[in-house]
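Asker: Next come a sequence and a model predicted from it.
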Amino acid sequence: MKAMTRWETSSSVDVHWTRLCAVLLTSLFMTTVVKAQVDTSADAAERQADSARGPDSVENQLRSDQQDKPSFFASEPLESWRNWKQEFAEATGFNFSVDYISFNYEASDSIGEDSATSGVLRTYGKWDILGRDSNDTGSLVFKFENRDAYDGIPPQDLGLELGYVGLVHCCASDQGARTTNLYWRQSWLDQRFVNYTGFLDVTDYTDVYAMASPWTGFSNLVFATGSATMGGLPDGAFGTMVATWLSDSVYVITGIADANADQTDVFEGFNTFFDEFETFKNIDIHWTPSKDELFFNNLHVTLYQIDSRDEAGTNDGYGVAFSATSGLQNKFLPFIRGGWGKDGGSLLEASVSLGMGYQNQAIAGAGLLGVGLNWGRPNKDTFGVSLDDQYTAEVFYRWQVLRGLEITPSVQLVSEPALNPDDDFISILGIRARAVF
């Protein structure tokens, strides 16, 4: 592969510039649409809070970290540190946080390894550089991580060790140092239009709902973005995303990102994007009764397409995902979600999940209870043969021990693991601990 600085023919230059122009024109086109269609009466602060970002997006995670959470123990050992960070953010526009997350899973049966452990250190933040005194800002958003297994295999690899077509945890790997986010966020028209350009995590804005984060919500991929029917789902991927309100109830997100991203060498993404141009593309259409209810009272459809990838050896694919959530009494969040995918390297061809989250914030230390059930059909194109359907359940309880410490025990139950004919039923006990600094 040639580096961008070593283009040697006019034809290759033309191809690269054509692809660069395509990215820029996408943003320009969406800006034009926004100017023509958005409602100019909505409150900017409200829009900042209700835009469709996933719970693990940097902005939402920072907001959650700063909240006064009713914890089991009232003491706050890091209170002075948190106060300093808040004062620093107000003075400089630089808001950041650090967390460490530890994972441990043990399975009842396996055709290979039956346990997995790992830890993830994350540093993430948002630096408002332009327009700090206005409703529209230009910001640098970043998230750097180090993912390491303690001993043996990491949780990301445990599913296939069990003969399960799925991921017990999507992201707890042994990858080492990586860049997940490094992009410019720009808003226009009083926060009615938002653009991300740079190195993106597509799960921050694709098929999002309130319990999708594998760090604070469900662990299993079937309850996260794409319901395991989307292949690729790149992060640390060069690309662009645009989002806007088309009316008081309709919110639209569209994006394109490099499908060959290497998070350990993120700037190589310039080359893979422009040279190979194998990309993941999505459009999400959200409906909500009102803008301030978007995150919890939400019905959306996601359409996606991913190109064939030579290095990964996967065919091109496409599909659709859907999600419906409805917040009840400020305590309950029932959901039904699912998807269908054609090829593209996904684990499942079809998937349907239903479940509920419950949390009573009025009770000190009351955590988040999550319950989910899933039916899934493995992707024949990925595995080369037709496999039997699988059934997965997960129950977790996120206990808020301190404001900056969460402990989450969980149980995952797998019925009829498709690659393990000797076991009809496998249980997986998990414990996740997250400390925020």
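Answerer: Thanks, I have it.

Asker: burial of the residue lying closest to residue 199 once chain neighbours are set aside, as a residue count?
Answerer: Leaving aside its sequence neighbours, residue 199 sits nearest to residue 182 (CB to CB, 6 or more residues apart in numbering; 4.3 Å). Just so you know, the C-beta spots here come from the backbone N, C-alpha and C atoms, and that holds for glycine as well. Residues lying near residue 182 (other CB atoms under 10 Å) number 18.

Asker: thought residue 182 was touching residue 197?
Answerer: No. The pair residue 182 / residue 197 is not scored as a contact, 10.8 Å apart, by CB atoms under 8 Å.

Asker: Verify the contact between residue 304 and residue 257 for me.
Answerer: No. Between residue 304 and residue 257 there is no contact under CB under 8 Å: 10.8 Å.

Asker: in the stretch 101-250 of the chain, which spans are helices?
Answerer: 158-161 (DSSP state H, counting those that start in this stretch).

Asker: Oh, that last question was meant for the stretch 251-400 of the chain, not what I typed.
Answerer: 269-271, 380-383.

Asker: for the shortest one, what is the average pLDDT?
Answerer: Per-region confidence: helix 269-271 scores 91 on mean pLDDT.

Asker: what about the protein, any weak spots by pLDDT?
Answerer: Within the chain, the segments meeting pLDDT under 70 span 1-51, 362-365.

Asker: ok, now how distant is the residue lying closest to residue 264 once chain neighbours are set aside from residue 146?
Answerer: Leaving out its chain neighbours, the residue that sits closest to residue 264 by CB to CB, 6+ apart is residue 178, at 5.4 Å. Residue 178 sits 7 Å away from residue 146, taking CB to CB, to the nearest Å as the criterion.

Asker: and those two? which has more neighbours close in?
Answerer: More neighbours surround residue 178 than the other of residue 178 and residue 146, with 20 against 14 (other CB under 10 Å).

Asker: Tell me the bridge partners for the more buried one.
Answerer: residue 145 (DSSP bridges).

Asker: ok, back up a step: so which of the helices of the stretch 251-400 of the chain has the densest surroundings on average?
Answerer: Mean neighbour count (mean count of other CB atoms under 10 Å) peaks for helix 269-271 among the helices of the stretch 251-400 of the chain, with a mean of 20.

Asker: Was I right to think residue 375 contacts residue 388?
Answerer: No. Residue 375 lies out of contact with residue 388 (CB under 8 Å); the separation is 11.6 Å.

Asker: Compare the two and say which is more crowded by neighbours.
Answerer: More neighbours surround residue 375 than the other of residue 375 and residue 388, with 17 against 12 (other CB under 10 Å).

Asker: measure the more buried one to residue 82 for me?
Answerer: Taken as CB to CB, the span from residue 375 to residue 82 is 43 Å.
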